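Participant: Using only what follows, build the 3D model:
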Amino acid sequence: VLNLGMNDNVVKSLSTKTGNPRFAWDSYRRFLEMFGNVVLDIPRSKFEEVMDDLKYEQGAFEDAELSVEALQELVKLFKGVYTQEGLAFPEDVMEQLRLAIGAVFRGWMGARAVKYREVENIRNLLGTAVNVQVMVFGNMGETSGTGVCFTRDPNDGTQELFGEFLIDAQGEDVVAGIRTPKPISELSKVMPEVYKEFQANTDILENHYGDMQDIEFTIQEGKLYMLQTRTGKRGGEAAVKIAVDLVNQGMISKEEAISKVLPEHLDQLLHPRFADVESELYKSAVLAAGLPASPGAAVGRVAFTNEKVVENGANNIPSILVRDETSPDDVEGMYGSEGILTARGGMTSHAAVVARGWGRPCICGCTSIKVNESKGELLITLPDKSTQTFHEGDYISLNGNTGEILNGEQLVSPPSITGNFKTFMDWVDATREIGVLANADTPDDAREARKNGAEGIGLCRTEHMFFQPERISQVRQLILGNEEQEKAALEELLLYQRMDFEGIFKEMDGLPVTIRLLDPPLHEFLPSLEDDAILSSLAEQLGSSSADLIEKVKAAEEVNPMLGLRGCRLGITKPSIIEMQTRAIIEAALNAIGDGVDAKADIMVPLVGKVEEFRIQAALIRSVAETVFEERKTRCDFRVGTMIEIPRAALTSHKIAEEADFFSFGSNDLTQMTFGYSRDDVGTFLPTYLKENILLDDPFVTIDQEGVGELIKMAVKNGRAVKPNMKIGVCGEHGGDPRSVKFFCNEADLSYVSCSPFRVPIARLAAAQASTEKKK
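Facilitator: Numbering: from 1, shown residues only. As a prediction, the model looks like this:
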């Protein structure tokens with residue numbers, strides 16, 4: 001609150017003392033407006049309406065054109081606004097101070113302040129503080145002014161002053177956009193000596209703090225006052241350039257530079273981005289917003305079905321897959337699309353998880369849209385409550401960083417790790433002490449992972465290889481067919497799996513590839529009972545009637561499939577699947593080695609709860625491998641390990657470690673089973689839990705250190721008590737979360753983290769920041 005202490009007596013004294021009545025009355029009217037708005041919650045628009053009317057009467061275009069008499073009249077009118085609101089302006093300056101201090105304290109729990117702390121992850125603070133300081137005035141005429149300036153360009157990091165100023169104004173004028181400010185460079189023409197001093201001060205401040213500064217200043221009758229400085233907020237491109245430049249200029253160390261770049265900065269650089277989100281062209285194109293489930297920029301034609309996405313792809317037409325919600329049946333469309341938009345679902349929904357894994361921008365839970373697939377229409381409710389209809393084939397754009405849906409084709413800039421970005425990431429890799437691997441399911445994923453600096457594959461989910469149309473039909477035949485059909489399906493799937501694994505080994509030449517055997521419940525592969533076309537086709541494939549097939553599908557359904565026949569339980573009850581997958585892995589490794597590739601295969605058994613389960617599966621895997629070695633008259637090294645994703649496995653890790661070559665924590669399922677929360681349904685109560693501080697974070701995004709984290713630390717300690725050099729990592733969604741990575745590095749002592757290929761650089765940065773923090 002500026003100018004606090006003004007009243008009817010002070011304004012006269014200030015006018016006499018300064019010999020500048022216009023300045024005194026201008027300061028008074030400013031105080032009345034700001035005090036009324038900030039302290040007493042009178043809408044600013046009430047004051048603006050009165051002022052606009054007076055300026056119209058006076059023929060004044062700008063505030064500075066109002067005469068002393070007009071300002072005196074404005075003060076009376078502003079006091080009238082107080083009266084209209086049932087309030088009285090306090091003439092007592094101590095009462096003004098008391099009320100202003102109270103407003104600052106109340107603001108701590110205001111909606112904006114609470115949201116800001118939530119976004120910035122600011123916690124455990126008792127409250128805010130109040131500063132009371134002497135005023136300096138930028139509204140004392142042509143030799144006074146005010147401005148805001150960054151010591152470097154916050155958009156691209158260029159080392160030049162980036163700011164604005166106004167003559168005969170106070171700071172609120174610059175911030176509120178009441179008048180059009182001038183670029184800071186023009187200050188050198190208006191007040192050259194002041195500008196020279198300002199430049200020198202910015203150098204002093206930047207050298208002292210070792211970072212780009214955001215500075216507020218006022219000039220009072222030719223004298224410069226530096227009001228405030230703080231570390232300046234910046235975009236991703238600027239953050240990396242500034243960090244590299246500061247090191248090259250000898251101002252900070254590489255370790256300090258690493259701490260100055262935020263994970264979200266890299267996130268902005270690693271996905272295609274819209275060229276200018278601050279432009280009026282961009283802002284005017286925003287239609288609605290949902291949850292920003294997977295970052296990046298996507299532009300394409302609206303498509304409501306997998307078939308349309310595939311058809312568009314064959315014609316080189318980009319698609320945005322629009323659905324009420326997605327399911328495993330939509331994987332083909334999701335993979336082939338540029339981005340995904342759903343009306344339902346949260347940040348950990350199927351669409352969100354799959355999209356993040358594949359680097360597809362995704363917006364979920366957008367309640368402003370209605371999808372009518374039968375009519376081929378997307379209805380969007382706009383901010384003004386009007387509606388706009390899009391048809392299949394119309395262009396829309398998605399901003400996965402903000403959750404914004406935009407009209408038409410927006411300009412996109414592709415990502416690349418070059419120049420300053422590459423230099424910075426080299427420093428990151430030299431600093432971190434933990435490995436960073438990637439979750440990758442195809443050769444294309446593996447190539448992307450390696451390009452982003454992954455040191456291997458920590459999780460290859462074999463089930464994701466099964467969702468292509470020609471493959472899923474074989475999986476369904478495996479599940480629903482007779483013994484002969486099951487055998488034929490396995491033979492066909494062996495060819496696909498071997499081909500995929502061979503491609504992955506070649507892309508990851510010399511780096512480890514951890515392949516998880518089939519994990520999800522079989523019902524995920526079964527057709528929907530409402531999809532008559534697929535049911536009819538599958539019935540014909542199996543030589544049965546649709547009615548018989550429907551009964552088989554119903555019989556395969558489970559009450560609680562996530563805790564049912566999946567993971568190692570499936571492998572034990574259907575060993576032929578594990579035999580097929582093991583053969584495919586070992587044969588692919590031998591083929592790759594024969595082509596001069598250094599293939600390193602790690603085979604991972606999922607969902608182990610008892611050591612006996614692992615022992616049975618490991619024996620089968622090693623038996624099949626020996627059979628292949630005998631057939632091929634050659635051998636290769638491989639390891640057999642397990643995922644620790646059931647609490648019982650964590651509690652008995654010492655027993656499992658006697659049999660397993662490595663551990664990898666499946667933190668998603670471990671969190672789900674430790675809390676007893678369904679990841680797919682947690683959205684129904686999570687917002688309330690966060691609001692009531694029952695949970696401080698979404699436990700599926702940031703690892704719960706108190707519970708799940710303790711299980712992880714216990715399992716690591718007990719496992720390494722048996723095998724001191726045991727490789728232990730994590731491959732859940734938490735592997736790409738910076739705060740979780742810090743825990744895995746500094747508290748859990750893991751060997752590596754594994755995450756989406758597109759989050760590998762972020763995990764590398766988080767690991768380096770954890771290492772520098774650990775050394776302090």
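
Participant: what's the average pLDDT for the helix or strand where Gly709 lies?
Facilitator: Secondary structure assignment for Gly709, by DSSP states H and E: helix 708-722. Helix 708-722 shows a mean pLDDT of 98.

Participant: So which bits of that helix are buried?
Facilitator: 708-709, 711-713, 715-716, 718-720 (16 or more other Cβ atoms under 10 Å). Glycine gets a C-beta too; all of them are placed from N, C-alpha and C.

Participant: any chance of these in TSV, with distance to Gly510 too?
Facilitator: As requested, the buried residues of helix 708-722 are exported to TSV (distance: Cβ to Cβ, whole Å):
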residue	distance to Gly510
Val708	33
Gly709	33
Leu711	33
Ile712	29
Lys713	32
Ala715	29
Val716	27
Asn718	32
Gly719	26
Arg720	26
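
Participant: Relative to Val39, which of these is nearest.
Facilitator: Gly709 (44.7 Å; Cβ to Cβ).

Participant: mind listing what the closest one touches?
Facilitator: 703, 743, 747-748 (Cβ atoms under 8 Å, 6 or more residues apart in numbering).

Participant: Ok, Pro575 next?
Facilitator: With Cβ under 8 Å, 6+ apart, Pro575 has these contacts: Leu620.

Participant: residue ranges for the helices of the stretch 601-750 of the chain, please.
Facilitator: Using DSSP state H, counting those that start in this stretch, the helices found in the stretch 601-750 of the chain span residues 611-632, 647-651, 653-657, 667-675, 686-691, 708-722, 738-746.

Participant: again but with the stretch 151-300 of the chain, I slipped
Facilitator: Under DSSP H, counting those that start in this stretch, the stretch 151-300 of the chain gives helices at 171-176, 187-190, 192-209, 236-248, 254-260, 263-270, 280-283.

Participant: now, which of the buried residues of helix 708-722 sits nearest Lys223?
Facilitator: Using Cβ to Cβ, these come closest to Lys223 at Gly709, 55.6 Å.

Participant: Give me the contacts around stretch 483-500.
Facilitator: So stretch 483-500 is contacted by 442-443, 462, 465-466, 471, 474-475, 477-478, 481, 542, 576-577, 580-581, 583-585, 587-588, 591 (Cβ under 8 Å, 6+ apart).

Participant: how about 6 Å then?
Facilitator: Under the criterion Cβ atoms under 6 Å, 6 or more residues apart in numbering, residues 465, 471, 474, 477-478, 576, 580, 584, 587-588 lie in contact with stretch 483-500.

Participant: quick one on the thing from earlier: nearest to Ser294, of the helices of the stretch 151-300 of the chain?
Facilitator: Among those, helix 263-270 sits nearest to Ser294 (Cβ to Cβ), with 10.6 Å.

Participant: Counting by contacts, list what the closest one packs against.
Facilitator: helix 236-248, helix 760-775 (3 or more Cβ pairs under 6 Å, 6 or more residues apart in numbering; DSSP states H and E).

Participant: List the buried residues for it?
Facilitator: Applying 16+ other Cβ under 10 Å to helix 263-270 flags 263, 265-270 as buried.

Participant: thinking again about what came up before, what's the least confident stretch among the helices of the stretch 151-300 of the chain?
Facilitator: Minimum mean pLDDT among the helices of the stretch 151-300 of the chain: helix 171-176, a mean of 68.

Participant: Which SSE is immediately downstream of the lowest-mean-pLDDT helix or strand in the chain?
Facilitator: Least confident element among the helices and strands of the chain, by mean pLDDT, DSSP states H and E: helix 350-358 (a mean of 65). From helix 350-358 onward toward the C-terminus, using DSSP H and E, the following helix or strand is strand 362-364.

Participant: Next one: Cys245 relative to Ile380, how far apart?
Facilitator: For residue 245 the amino acid is Asp, not Cys. Separation of Asp245 from Ile380 (Cβ to Cβ, to the nearest Å): 43 Å.

Participant: Of all the helices of the stretch 151-300 of the chain, which one is nearest Ala555?
Facilitator: helix 263-270 (45.3 Å).

Participant: neighbouring contacts of that closest one?
Facilitator: 236, 239, 295, 415, 738, 758, 761-762, 765.

Participant: That helix vs helix 760-775, what angle?
Facilitator: 150 degrees (axes from the mean of the first three to the mean of the last three Cα atoms, to 10 degrees).

Participant: Checking Ala24 next. Helix, strand or coil?
Facilitator: Classification of Ala24 using DSSP: H, G, I helix; E, B strand; the rest coil returns helix.

Participant: which ones are touching it?
Facilitator: Ala24 touches 11, 14-15, counting by Cβ under 6 Å, 6+ apart.

Participant: same thing but 10 Å
Facilitator: 6, 10-18, 68, 71, 137, 139-140 (Cβ atoms under 10 Å, 6 or more residues apart in numbering).

Participant: closest to Ser279 among these?
Facilitator: Asn139 (31.8 Å).

Participant: Torsion angles phi and psi at Ser416?
Facilitator: Dihedral pair for Ser416: phi -160, psi 150, per degrees, to the nearest 10.

Participant: Sorry, slip of the keys, the one I care about is Leu490.
Facilitator: Taking degrees, to the nearest 10 as the convention, Leu490 sits at phi -60, psi -40.

Participant: what's the burial count for it?
Facilitator: 20 (other Cβ atoms under 10 Å).

Participant: how much space between it and Val130?
Facilitator: For Leu490 relative to Val130 (Cβ to Cβ), the value is 73 Å.

Participant: Repeat that for Met334.
Facilitator: Met334 is 52 Å from Val130, by Cβ to Cβ.

Participant: Please apply the same query to Ile101.
Facilitator: Taking Cβ to Cβ, one finds Ile101 at 5 Å from Val130.

Participant: since we're on the closest residue in space to Leu246 that isn't next to it in sequence, how many residues are nearby?
Facilitator: Excluding the flanking residues, the one nearest Leu246 by Cβ to Cβ, 6 or more residues apart in numbering is Ile252, at 4.8 Å. By other Cβ under 10 Å, the residues close to Ile252 number 18.

Participant: Just to check, Ile252 is in contact with Val261?
Facilitator: No. Contact status for Ile252 versus Val261: not in contact, 11.9 Å apart, counting by Cβ atoms under 10 Å.

Participant: which residues do the two both contact?
Facilitator: With Cβ under 10 Å, 6+ apart as the test, Ile252 and Val261 both reach Ala243.

Participant: mind checking the end-to-end distance for stretch 659-678?
Facilitator: 31 Å (Cα to Cα, to the nearest Å).

Participant: what comes up buried for that stretch?
Facilitator: For stretch 659-678, by 16+ other Cβ under 10 Å, it's 659-675, 677.

Participant: Could you do stretch 229-238 as well?
Facilitator: Those would be 229, 232, 234-238, for stretch 229-238 by 16+ other Cβ under 10 Å.

Participant: That one spans what distance, first to last residue?
Facilitator: 19 Å.

Participant: repeat for stretch 159-170
Facilitator: 27 Å.

Participant: What's the mean pLDDT across it?
Facilitator: 91.

Participant: Could you list the low-confidence segments of this structure?
Facilitator: 112, 115-116, 119-120, 175-180, 327-329, 345-353, 356-359 (pLDDT under 70).

Participant: quick one on the thing from earlier: of the contacts of stretch 483-500, which is the nearest to Asn316?
Facilitator: Arg471 (24.3 Å).

Participant: Alpha carbons of the helix or strand harbouring the closest one, as CSV, please.
Facilitator: For Arg471, the enclosing helix or strand under DSSP H and E is helix 469-480. Written as CSV, here are the backbone C-alpha positions of helix 469-480 (Å, rounded to 0.1, in the frame of the first residue of the first chain):
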residue,chain,number,x,y,z
PRO,A,469,-4.3,-54.9,-33.8
GLU,A,470,-2.5,-57.9,-35.3
ARG,A,471,-1.0,-58.7,-32.0
ILE,A,472,-3.9,-58.2,-29.6
SER,A,473,-5.9,-60.6,-31.7
GLN,A,474,-3.3,-63.2,-31.0
VAL,A,475,-3.3,-62.4,-27.2
ARG,A,476,-7.0,-62.8,-27.2
GLN,A,477,-6.7,-66.1,-28.9
LEU,A,478,-4.1,-67.1,-26.3
ILE,A,479,-6.5,-66.3,-23.5
LEU,A,480,-9.8,-67.6,-25.0
